[in-house]
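> Turn this into a structure:
(chains A and B)
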Amino acid sequence: KQEVTQIPAALSVPEGENLVLNCSFTDSAIYNLQWFRQDPGKGLTSLLLIQSSQREQTSGRLNASLDKSSGRSTLYIAASQPGDSATYLCASNAGNNRKLIWGLGTSLAVNP
Amino acid sequence: ETGVTQTPRHLVMGMTNKKSLKCEQHLGHNAMYWYKQSAKKPLELMFVYNFKEQTENNSVPSRFSPECPNSSHLFLHLHTLQPEDSALYLCASSQEYQGNGYTFGSGTRLTVV
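From the prediction side, this is the model:
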């Protein structure tokens, strides 16, 4: 059974800092790994999707990597800004039914 | 606006009430999903519809009743709910069933009193 864990649960950093959010999964037979952002009380916004055959994806200041052998994905945020404050969720798409399995998220606060 | 619209944004209902949540997408997506998000828990997939047909019901209590009249609209009918059903209910859609590229609505914050 696939399990997804995100560390740390919460993170507070000063503006301008580069940071890394971690996501680990137990079943390496994934189809893809997805990162989402959720603002308080709002829905989810898709950030990056990494297919199982890929090692990383980039969008602006965001870079997500995937290492299936170790069951890990990282989301790197460069030059963080207060507007990056949100909860970041990762989800793995795995199994015969390709159901998304979600982590609990990392709550990020970027302080001006 | 994300392309998936959910109404209402907030709902307070008593345990004996009947209410409905609505979700609408005009992205041309074929699959639609209801998720429940509770504090300290991962997102829980409740129902999946693919081409208007229900393909998944993840052991959801019968007090939650989904309806998908067409590929653009999805409803969640609620009746005799319990306080533990209070949560954020999220609707999502994707081009293909369990495929890439999910679009989420902003959710309905439900409080059962």
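
> drop to CA atoms for contacts and neighbour counts, all remaining ones
OK.

> tell me which strands and helices the helix or strand hosting residue B:103 is in contact with?
Here residue B:103 sits within strand B:102-104, counting by DSSP states H and E. Judged by 3 or more Cα pairs under 8 Å, 6 or more residues apart in numbering or on different chains; DSSP states H and E, strand B:102-104 is in contact with strand A:44-51, strand B:87-94.

> Out of those, flag the one nearest residue A:13.
Ranking these by distance to residue A:13, with Cα to Cα as the measure, places strand A:44-51 first at 20.4 Å.

> ok, and what's touching the strand holding residue B:103?
Outside strand B:102-104, the residues within contact range by Cα atoms under 8 Å, 6 or more residues apart in numbering or on different chains are A:43-46, B:2-4, B:90-95.

> average pLDDT across that strand?
Average pLDDT, strand B:102-104: 92.

> that older thread, may I see the helices and strands packed on strand B:102-104 organised as JSON lines, with mean neighbour count and mean pLDDT added?
Shown next, in JSON lines, are those (neighbours: other Cα atoms under 10 Å in any protein chain shown; pLDDT from 0 to 100):
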{"stretch": "strand A:44-51", "mean neighbour count": "20", "mean pLDDT": "93"}
{"stretch": "strand B:87-94", "mean neighbour count": "26", "mean pLDDT": "96"}
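
> Ok, which of those comes nearest residue A:80?
That would be, of the helices and strands packed on strand B:102-104 and by Cα to Cα, strand A:44-51, which comes in at 15.3 Å.

> tell me the angle of the closest one relative to strand B:87-94?
Relative orientation of strand A:44-51 versus strand B:87-94 (axes from the mean of the first three to the mean of the last three Cα atoms, to 10 degrees): 50 degrees.

> Using CSV, list the CA coordinates for strand A:44-51.
Only the C-alpha atoms of strand A:44-51 are listed here, as CSV (Å, rounded to 0.1, in the frame of the first residue of the first chain):
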residue,chain,number,x,y,z
LEU,A,44,-5.3,23.2,-4.8
THR,A,45,-3.2,24.6,-7.7
SER,A,46,-1.1,22.2,-9.7
LEU,A,47,2.6,23.2,-9.7
LEU,A,48,4.7,20.5,-11.3
LEU,A,49,4.1,17.0,-12.5
ILE,A,50,7.1,14.6,-13.0
GLN,A,51,6.5,11.5,-15.0
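
> Skipping adjacent residues, who's closest to residue 91 in space?
Chain wasn't specified; assuming chain A. With sequence-adjacent residues excluded and distances taken as Cα to Cα, 6 or more residues apart in numbering or on different chains, residue A:91 is closest to residue A:102, at 4.3 Å.

> looking at chain B here, not the other one
residue B:34 (4.8 Å).

> ditto for residue A:89
That would be residue A:105: by Cα to Cα, 6+ apart, it lies 4.3 Å from residue A:89.

> and that neighbour, what does it touch?
Counting by Cα under 8 Å, 6+ apart, residue A:105 touches A:6, A:9, A:87-90.

> Out of those residues, give me the one that has the most neighbours.
Greatest neighbour count in those, by other Cα atoms under 10 Å in any protein chain shown, goes to residue A:90: 31 neighbours.

> Beyond the helix or strand bottoming out on mean pLDDT in chain A, next helix or strand please.
Least confident helix or strand of chain A, by mean pLDDT, DSSP states H and E, is strand A:99-102 with a mean of 88. The helix or strand immediately downstream of strand A:99-102 is strand A:106-111, counting by DSSP H and E.

> Could you give me the buried positions within the least confident helix or strand in chain B by mean pLDDT?
For chain B, the helix or strand with the lowest mean confidence is strand B:53-57, at a mean of 81 (criterion: mean pLDDT, DSSP H and E). Within strand B:53-57, the residues that count as buried by 16 or more other Cα atoms under 10 Å in any protein chain shown are residue B:54.
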